[in-house]
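Peer 1: my questions are about this predicted structure, shown below with the sequence.
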Amino acid sequence: MKLIGLARLGRDGELNYSSDGKAVMHLSLAYDFGRRGEKQTQWVRAAMFGDRAEKVVEHMKKGKQIYAEVDEVHIHVFEKEGEKRSALEGILSHFEFAGKKDD
């Protein structure tokens, strides 16, 4: 499944490295949907890999709006504090900055 649309970053991008030294940036994306007064937010965890992730992580700041294409979207089920929870996750395959320049 693929998710396409405008999203806001819920926190600053986090850059980590895999055991083989590959860069991995993790993002928390908020997609708003619904009509005025009835809007809801769908959160999606997204990852970007490699050199590109290293180059853009400094620009991925909380509140920044981006046009995002997230591939391989799936539901990840996990346990936290003894409770089963779920989250949408995927791979950020393409993005463009959106919104105001200073946004």
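Peer 2: The structure has been received and is ready for your questions. Residues are numbered from 1 along each chain as shown.

Peer 1: show me what counts as buried in stretch 66-86.
Peer 2: 66, 68-70 (16 or more other Cβ atoms under 10 Å). For the C-beta atoms, the positions are set from N, CA and C on the backbone; glycine is no exception.

Peer 1: turn those residues into TSV, including distance to G37.
Peer 2: Shown next, in TSV, are the buried residues of stretch 66-86 (distance: Cβ to Cβ, whole Å):
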residue	distance to G37
I66	25
A68	25
E69	28
V70	27
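
Peer 1: out of these, which are inside strands?
Peer 2: Residues of the buried residues of stretch 66-86 located in strands (DSSP state E): 66, 68-70.

Peer 1: can I assume Q42 is in contact with G10?
Peer 2: No: judged on Cβ atoms under 8 Å, Q42 makes no contact with G10 at a distance of 11.3 Å.

Peer 1: for the closest residue to V24 other than its chain neighbours, pull up the helix or strand it's in.
Peer 2: Spatial nearest neighbour of V24, excluding adjacent residues (Cβ to Cβ, 6 or more residues apart in numbering): N16 at 5.2 Å. Using DSSP states H and E, N16 sits within strand 14-17.

Peer 1: from S18, how far out is the residue lying farthest from the centre of the chain?
Peer 2: Going by Cα atoms, centre = their mean, the residue of the chain most distant from its centre is G82, 25.5 Å out. Separation of G82 from S18 (Cβ to Cβ, to the nearest Å) stands at 29 Å.
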